Structure formats: C-alpha cells, structure tokens
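1. coordinates for the following, if possible.
(chains A and B)
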Amino acid sequence: KAGVTQTPRYLIKTRGQQVTLSCSPISGHRSVSWYQQTPGQGLQFLFEYFSETQRNKGNFPGRFSGRQFSNSRSEMNVSTLELGDSALYLCASSWGSVAGWSGYTFGSGTRLTVV
Amino acid sequence: GENVEQHPSTLSVQEGDSAVIKCTYSDSASNYFPWYKQELGKRPQLIIDIRSNVGEKKDQRIAVTLNKTAKHFSLHITETQPEDSAVYFCAASISGGSQGNLIFGKGTKLSVKP
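-> This is a model prediction of the structure:
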C-alpha cells in the first residue's frame, strides 16, 4: 500500500514569487491536512480538506490556500512568498468517522526555502 | 481556538531511566489526544493516543495519562533506550480524532544517553 506522496521534495523560491505543493494521500483516505513545520514553532495547522471541501482552517494569512481534487489529491499554494515562509510543509492523510479514525499518516514533506 | 503547551522542550536521560513529557490544552471540548514521534529527518509517526473517556492507556514501555479536570496529559516512557531519541509531539482535537485538525505542541527533543 503506497504511502503519502509529496512533491517536490525540495524547492528554492525567491521572495515575492508563488509556489504550489502537491500531496497524494493513501488510497481510500479522503482527508488531507497540511502543516507547516519550523524549528521554533513546531507543527502548525494550515488547513484540512475533505471531499474537495475545506473542512478546517488554521490561523494563517490568506496567502496560504489549498484545494482538493475528486481523487483526493491536494495542492497548497503560497502567494507572494516571504522569507518567513521557509519551512518544511507536511501533509497528512487520514480516514475517519465518529466511529473511529485511522490517525494521520504523514508524507515526507516539501522543504521550501525562500531567498 | 485550541492551544497546546508542551514541556520540557528538551529532555536528556540515561538509558534505562524513565522520561515524562507533559502537555496542557486550553479547549475543554478537546476529546482526542495523540502523541507523535519524529526521528531526525523522518516524518512524524503516531505512537499512542487517548480519548477523553479514558484516564490512562499503556502500550509496552509507553503510557499516556489524561487529567480532564486540569486539562493536561502526559507521555511516560519507561526503560528508555537510545532508539527512543527523537522529537515527541503531543496534540489535541475537538473532533474526537475523526477530522484532520490536530493542534500540536511545539515538541520535546528527547536524548537517551547510552
């Protein structure tokens, strides 16, 4: 069973540019969540998509956006990049209902460096 | 919204000793509390979780306790081994873990010295 796949693994962008990251969840997982990981702030919740709809959202500015496709693959976009956006971006897929939850399976992440 | 505080930020123990990491949460509606382990350069992995209707859960050398009144929960690792060295994250959710909206603490870097 394939795991969560994130592409690309590494990115270097210039301040002011925009970037799109991709996440393919485990087959059958309809929920995809995105996190920003930095040494000082740990794992910060960006948003969660379920069945092509944003179901939950963290406290990030509107420059951070995402979407989910009918095959559950998800993309996140960051516009007008700032130096502080340099981080490891992790996505996690899960399957669940009120009766039970699979827990997160994380991807390996995309390391974004803004110069 | 929910806020999770985690202490300590770093912890160093001798092999064979016990390690305890503590977390507090702010939203009394939180009802699901997982712990993740992240080894250097690897992705976080779930090691144990607890729901609000349970006070304690154990899995071999690791255990988690929950005090709903005080709004805190703790991870206990006994008989630590060098391979336990990693960053540990606690998290909380108001969705019972059925939705992907975990709020994480900032992590504890555990070092186990042989």
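2. just the strands in chain A please.
-> A:5-7, A:10-13, A:19-24, A:31-38, A:42-50, A:53-57, A:64-68, A:74-78, A:87-94, A:96-97, A:100-101, A:105-106, A:110-114 (DSSP state E).
3. what does chain B give?
-> B:4-7, B:10-14, B:19-25, B:32-38, B:45-51, B:56-59, B:62-67, B:72-77, B:86-92, B:103-104, B:108-113.
4. and these as TSV, adding mean neighbour count?
-> Heads up, the C-betas are built off the backbone N, CA and C, glycines and all. Below are the strands of chain B laid out as TSV (neighbours: other Cβ atoms under 10 Å in any protein chain shown):
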stretch	mean neighbour count
strand B:4-7	18
strand B:10-14	13
strand B:19-25	20
strand B:32-38	23
strand B:45-51	17
strand B:56-59	12
strand B:62-67	18
strand B:72-77	21
strand B:86-92	25
strand B:103-104	22
strand B:108-113	17
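5. just how off-centre is stretch A:81-98 within its chain?
-> 3 Å (Cα atoms, centre = their mean, to the nearest Å).
6. correction: the previous question concerned stretch B:42-57.
-> Per Cα atoms, centre = their mean, the centroid offset for stretch B:42-57 relative to its chain is 7 Å.
7. what parts of chain A come near chain B?
-> A:31-33, A:35, A:40-45, A:48, A:50, A:55-56, A:59, A:90, A:92-94, A:96-101, A:103-104, A:106-109 (Cβ under 8 Å from any Cβ of the partner chain).
8. so who does residue B:105 touch?
-> Applying Cβ atoms under 8 Å, 6 or more residues apart in numbering or on different chains, we find residue B:105 in contact with A:42, B:4-6, B:23, B:89-91.
9. what sits closest to it if chain neighbours are left out?
-> Spatial nearest neighbour of residue B:105, excluding adjacent residues (Cβ to Cβ, 6 or more residues apart in numbering or on different chains): residue B:6 at 2.9 Å.
10. before we move on, what about residue B:42?
-> residue A:108 (8.0 Å).
11. over to residue B:16?
-> residue B:79 (5.9 Å).
12. likewise residue B:93?
-> Using Cβ to Cβ, 6+ apart, the nearest residue to residue B:93 is residue B:32, at 4.4 Å.
13. the one you found is in contact with residue B:96, isn't it?
-> Yes - at 5.1 Å, residue B:32 counts as touching residue B:96 under the criterion of Cβ atoms under 8 Å.
14. who touches both of those two?
-> With Cβ under 8 Å, 6+ apart, residue B:32 and residue B:96 have common neighbours A:101, B:51.
15. ok, the residue positioned nearest the centre of chain A - contacts?
-> Of all residues in chain A, the one closest to the mean position by Cα atoms, centre = their mean is residue A:34, 2.9 Å from it. Counting by Cβ under 8 Å, 6+ apart, residue A:34 makes contact with A:23, A:45-48, A:66, A:74, A:76, A:89-92.
16. residue 52 - nearest residue in space that isn't next to it in sequence?
-> Since you didn't name a chain, this refers to chain A. In space, residue A:52 is closest to residue A:68, 4.8 Å off (Cβ to Cβ, 6+ apart).
17. that was the other one, I meant chain B.
-> The nearest residue in space to residue B:52 (Cβ to Cβ, 6+ apart) is residue B:31, at 4.0 Å.
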